[in-house]
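>>> Got a sequence here, can you build the structure:
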Amino acid sequence: NQLGDSVIFHHAPASPLANSPTSHTPGSVQQAAFPFPEFPADKPYFQPLLCPGVQLGPNSPPGFPTLYSLPMELGRLDAIGVDVFGRPSRRESMCLKVADGGAHPNVKPGKELDR
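Modelled structure (predicted):
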């Protein structure tokens, strides 16, 4: 084994269909070489920091829930046979129940429409 080339993938609208959010048409994604920048002399190592403006936990944006941001009712150990690599687990698994239907704290309920 050896390290491969660093690459980056980006959206490249090659056709009118490629502008659709659900598009997976050929040519809607392009691959390019990505040379990693050199580390500055005053910080010659990787620093595990978040980018400015990143919000986590209860302040995270809707659509990106975490176990920290969702309200939990209870947790219990139970032998429910979670599928692990195609085989049921042999031991008890931690079962978590999300309260209130799993609503993210930053999402306001929508208006119910008449059918």
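>>> can we go C-alpha only for contacts and neighbour counts from here?
OK.
>>> got a list of contacts for stretch 79-92?
The contact list for stretch 79-92, computed with C-alpha atoms under 8 Å, 6 or more residues apart in numbering, reads 77-78, 93.
>>> can you pull out the strands in the protein?
7-11, 29-33, 72-78, 83-84, 87-88, 93-98 (DSSP state E).
>>> Which of these sits closest to N59?
With C-alpha to C-alpha as the measure, strand 72-78 is the member of these nearest N59 (16.6 Å).
>>> That closest one pairs with which strands?
When pairs are called by DSSP bridges, strand 72-78 turns out to pair with strand 93-98 (antiparallel).
>>> Could you give the average pLDDT over the partner strand?
Mean pLDDT, strand 93-98: 86.
>>> got the buried residues for it?
When burial is assessed from 16 or more other C-alpha atoms under 10 Å, strand 93-98 yields no buried residues.
>>> What are the contacting residues of that strand?
70-82.
>>> Show the buried residues in those residues.
When the contacts of strand 93-98 are checked for burial by 16+ other C-alpha under 10 Å, the buried set is 70-71, 82.
>>> who does the helix or strand of the chain with the lowest mean pLDDT touch, helix- and strand-wise?
None of the helices or strands of the chain scores lower by mean pLDDT, DSSP states H and E than strand 7-11, at a mean of 79. In terms of contacts (3 or more C-alpha pairs under 8 Å, 6 or more residues apart in numbering; DSSP states H and E), strand 7-11 is packed against strand 29-33.
>>> quick one: the strand it packs on to strand 7-11, angle?
Computed by axes from the mean of the first three to the mean of the last three C-alpha atoms, to 10 degrees, the angle separating strand 29-33 from strand 7-11 equals 150 degrees.
>>> Let's see strand 29-33 as PDB, backbone CA atoms only.
Taking Å, rounded to 0.1, in the frame of the first residue of the first chain, the C-alpha atoms of strand 29-33 are listed here in PDB:
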ATOM      1  CA  VAL A  29     -19.300  16.200 -10.300                       C
ATOM      2  CA  GLN A  30     -15.700  16.800 -11.300                       C
ATOM      3  CA  GLN A  31     -12.600  15.500  -9.700                       C
ATOM      4  CA  ALA A  32      -9.400  17.600  -9.500                       C
ATOM      5  CA  ALA A  33      -6.000  17.400  -7.900                       C
END
